[in-house]
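Undergrad: The following block contains a protein sequence and its predicted model.
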Amino acid sequence: MTAPDVFVKGKPFLLEARQITYVYGRGTPFEKTALDGACFSVSAGEFAGIIGHTGSGKSTLIQHLNGLLKPHAGQVLLEGRDIWEKGVKMRDVRFAVGLVFQYPEYQLFEETVEKDVSFGPAAMGLPEADIRERVSEAMAFVGLDKSVAQKSPFDLSGGQKRRAAIAGVIAMRPKVLVLDEPTAGLDPAGRREILGHISEYRRQTGAAVVLVTHSMEDAARVADSLTVLAHAGDVLRGSLKDVFAQRETLTGLGLDVPAVTRVLLRLRALGLDVDAGAYTTEDAIKAIKEVSGSAQSPSLC
Amino acid sequence: MLKDITLGQYFPGTSLVHRLDPRAKLILVFAFITALLTANHALTYLVILLYLALAVTVSRVRPSALARGMRPMAFIILFTAVLNIFYTPGRPLVSFWIFTVSAEGVERAVFMALRLLMLISCTFMLTYTTSPLALADALGRLMSPLAKIRVPVHEFAMMMTIALRFIPTIIEETDKIMSAQKARGADFETGNLFRRAKALIPLLVPLFVGAFRRADDLAVAMECRCYHGGGGRTRMKQLRMTGVDALVLTGSVALLAGVSALGRLGWFMR
């Protein structure tokens, strides 16, 4: 499959994983192949989604993107350069590819939120004034009020803790921000809020974002392109439309197209000539309105 | 990295050694170590070595796994052996400068190294073939007579079981937090001792917070299931000594005790 048109145009990928193979516990009786020739790429400014079931290798794949894991086969290229090449400083890679783990609130450790968010920038060796600027900027991006800056991170609510932890990575101003299930365990309002902040962050900074999720709805809401992982490899890669067009493959993997798309497909099956390519609620409403306007079937709205 | 720790790791299997009652295995290890420490004759060593080799073969534990566990001890074993070679008085074999190598020294060094190697191998055999929970259970059962003199045996056994149960969880958690902090530029590997100790703060604080959170959750979960200590508690998986267990146990203990006693009594001719 091809990457979305807007991002090809001869530009090299900002970050690319080529044919990654990784085996946990190699050489022990507990050997387990997590990835077998998986590919993934993201261009500058792109919002890429990675979707797959528990155990499909999502978390393993993203830990290769910033060099936390060394692939047993394959390459990871950052701006066209292999990150495992001699002379590449791994810490620079980590600052360029900011990785937010699942349940990142469990990594908070400082006395105040401000100190915790500044851990990354401080590790980069930036001057004090720069650090302070980045911290307040990052906290604003995730919607944390200035009043919590001096609070202990352990006194915050669950959602605030999570946002503080995400701010800790954003404060490094990474070229690629990778988030592993940032909405796990949150209620719908919390999910919307976090996804909204991330979209806004990407819109304002133009940084590339990689979102790992197992929710088709989340991916449909924010991503431009989608990589579907299954059986230790990438099964589908492409724009949202291209991927959602492969409904059989998706259902075969136990995944499915978003709920609104399912509604449209069902309407089509019932004989209504509606465009079933929409995958967000807004587009779906538009598609239905178009049809109902022309076909004069007001009962549908 | 952390996952490579083999100490106390359990390799599941279905061999006779794996299936043996853990209490029998504990007593066996005790007998084995006693025999090993009282051995004073080449023949005794030979019998013990053959016994160990038999156990390893039957258990299908890969010798490479045993060797890997031995690696951290290699230096101590070598050091002990070298000291024994040079500092044992006796018939000189070779001598150069101020060093003299005696026949007795070589003999003792070999025995010493063998003794240490077998000691480590036998404890590894126990932990490789017995799940930590079975081991804790067995220890609790073997110590249960002590409850008569008001030793809180059940509480100790429960604490040990819980601690063992959570070792892998904590290791996994440590790995995760380390990765998360590394992703934020934490550096655990370079710098002097002071810097490295300081670098551990971002790891230790979340780890402790997590451990306490987990302890709280576990306490609630246990109370929800009406846990109230040892009184009147029964087990789902009862340990049962079978005929095979008894046979292996008595046979092995008799062999090991016999051979070391005979060696001690000077029954083998030099």
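TA: On my side now, so go ahead.
Undergrad: show me the residues around the residue of the stretch 101-250 of chain B at minimum distance from chain A that make contact.
TA: Per Cβ to the nearest Cβ, residue B:185 is where the stretch 101-250 of chain B lies closest to chain A, at 3.1 Å. The C-beta positions use only the backbone N, C-alpha and C, and glycine is treated the same way. The contact partners of residue B:185, by Cβ atoms under 8 Å, 6 or more residues apart in numbering or on different chains, come to A:91, A:94, A:95, A:119, A:120, A:123, A:124, A:172.
Undergrad: element containing the second one?
TA: Read it as residue A:94. For residue A:94, the element it lies in under DSSP states H and E is helix A:90-96.
Undergrad: What's the first helix or strand after that helix?
TA: strand A:97-100.
Undergrad: tell me which strands and helices that next one is in contact with?
TA: helix A:58-65, helix A:158-170, strand A:176-180, helix B:153-183 (3 or more Cβ pairs under 8 Å, 6 or more residues apart in numbering or on different chains; DSSP states H and E).
Undergrad: just checking, what packs against the helix or strand following the shortest one?
TA: Translated: strand A:176-180. Sequence order places helix A:188-205 as the next helix or strand after strand A:176-180, per DSSP H and E. Packed against helix A:188-205, as judged by 3+ Cβ pairs under 8 Å, 6+ apart, are the following elements: helix A:128-141, helix A:158-170, strand A:176-180, strand A:208-213, helix A:216-222.
Undergrad: Do a quick rundown of the helices in the stretch 1-150 of chain B.
TA: B:16-19, B:22-38, B:42-59, B:63-70, B:74-87, B:103-129, B:132-143 (DSSP state H, counting those that start in this stretch).
Undergrad: in the last one, what counts as buried?
TA: Of the residues in helix B:132-143, those with enough neighbours to count as buried (16 or more other Cβ atoms under 10 Å in any protein chain shown) are B:132, B:134, B:135, B:136, B:137, B:138, B:139, B:140, B:141, B:142.
Undergrad: ditto for the second one
TA: Within helix B:22-38, the residues that count as buried by 16+ other Cβ under 10 Å are B:22-29, B:31-33, B:35-36.
Undergrad: ditto for the first one
TA: In terms of neighbour count (16+ other Cβ under 10 Å), helix B:16-19 has its buried residues at B:17, B:18.
Undergrad: what pLDDT, on average, does that helix get?
TA: The average pLDDT for helix B:16-19 rounds to 86.
Undergrad: Show me the contact partners of it.
TA: B:12, B:25, B:55, B:58, B:59, B:61, B:125, B:129, B:130, B:244, B:248.
Undergrad: Go through those and say which is closest to residue A:257.
TA: Nearest to residue A:257 among the contacts of helix B:16-19: residue B:12, at 41.4 Å, using Cβ to Cβ.
Undergrad: Residues of chain B that sit close to chain A?
TA: B:3, B:11, B:176-177, B:179-187, B:201-202, B:205-206, B:209-210 (Cβ under 8 Å from any Cβ of the partner chain).
Undergrad: Make a ChimeraX selection of the buried ones in those residues.
TA: The ChimeraX command for the buried members of the residues of chain B next to chain A (criterion: 16+ other Cβ under 10 Å) is given here:
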select /B:11,176,177,179,180,181,182,183,184,185,186,202,205,206,210
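Undergrad: on that earlier part again, relative to chain B, which of the helices and strands packed on helix A:188-205 is closest?
TA: Across those, closest to chain B is helix A:158-170 (Cβ to the nearest Cβ), at 6.1 Å.
Undergrad: Quick check: buried residues in that closest one?
TA: Going by 16+ other Cβ under 10 Å, helix A:158-170 has these buried residues: A:159, A:160, A:161, A:162, A:163, A:164, A:165, A:166, A:167, A:168, A:169, A:170.
Undergrad: Contacts only, for the first one.
TA: This points to residue A:159. Counting by Cβ under 8 Å, 6+ apart, residue A:159 touches A:186, A:190, A:193, A:194.
Undergrad: if we go to 10 Å?
TA: A:105, A:143, A:185, A:186, A:187, A:189, A:190, A:191, A:193, A:194 (Cβ atoms under 10 Å, 6 or more residues apart in numbering or on different chains).
Undergrad: Residue B:144 now?
TA: Taking Cβ under 10 Å, 6+ apart as the criterion, residue B:144 is in contact with B:151, B:153, B:154, B:157, B:230.
Undergrad: thinking the third one is in contact with residue B:147, fair?
TA: Yes: Residue B:154 is within contact range of residue B:147, at 7.1 Å (criterion: Cβ atoms under 10 Å).
Undergrad: Report the set of residues contacting both of those two.
TA: Jointly contacting residue B:154 and residue B:147 under the rule Cβ under 10 Å, 6+ apart are B:140, B:230.
Undergrad: Looking at the two, which one has more neighbours?
TA: Legend: neighbour count by other Cβ atoms under 10 Å in any protein chain shown for residue B:154 and residue B:147, higher for residue B:154 (16 against 13).
Undergrad: In three-state terms, how would residue B:190 be classified?
TA: coil (DSSP: H, G, I helix; E, B strand; the rest coil).
Undergrad: Excluding covalently adjacent residues, which one is nearest to the residue of chain A found nearest chain B?
TA: Using Cβ to the nearest Cβ, the closest approach of chain A to chain B is made by residue A:123 at 3.1 Å. Spatially, and ignoring its direct neighbours in sequence, residue A:123 is nearest to residue B:185 (3.1 Å; Cβ to Cβ, 6 or more residues apart in numbering or on different chains).
Undergrad: again, but for residue B:230
TA: Residue B:230 sits nearest to residue B:154 (Cβ to Cβ, 6+ apart), 2.9 Å away.
Undergrad: how's the chain carved up into domains?
TA: Since you didn't name a chain, this refers to chain A. Per automatic domain parsing, the domain ranges recorded for chain A read A:5-257, A:258-301.
Undergrad: Can you look at chain B instead?
TA: According to automatic domain parsing, the ranges for chain B are B:1-130+B:241-270, B:132-239.
Undergrad: which one of those has the most crowded surroundings?
TA: The highest average neighbour count among the domains of chain B, using mean count of other Cβ atoms under 10 Å in any protein chain shown, belongs to domain B:1-130+B:241-270 at a mean of 16.
Undergrad: mind checking how far that domain is from the chain centre?
TA: Distance, stretch centre to chain centre, for domain B:1-130+B:241-270: 12 Å (Cα atoms, centre = their mean, to the nearest Å).
Undergrad: Please export the C-alpha coordinates of stretch B:35-48 as CSV.
TA: This file holds the C-alpha atoms of stretch B:35-48, laid out as CSV (Å, rounded to 0.1, in the frame of the first residue of the first chain):
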residue,chain,number,x,y,z
ALA,B,35,27.4,-35.0,52.0
LEU,B,36,29.4,-32.6,49.9
LEU,B,37,30.7,-30.6,52.8
THR,B,38,31.8,-33.8,54.7
ALA,B,39,33.3,-35.5,51.7
ASN,B,40,37.1,-36.1,52.1
HIS,B,41,37.9,-38.7,49.6
ALA,B,42,38.1,-38.9,45.9
LEU,B,43,35.7,-41.8,45.8
THR,B,44,33.1,-39.8,47.8
TYR,B,45,33.4,-36.9,45.3
LEU,B,46,33.1,-39.3,42.4
VAL,B,47,29.8,-40.8,43.8
ILE,B,48,28.4,-37.3,44.5
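Undergrad: What helix or strand is residue A:71 located in?
TA: Under DSSP H and E, no helix or strand contains residue A:71.
Undergrad: Now it. Its backbone dihedrals?
TA: phi -60, psi 140 (degrees, to the nearest 10).
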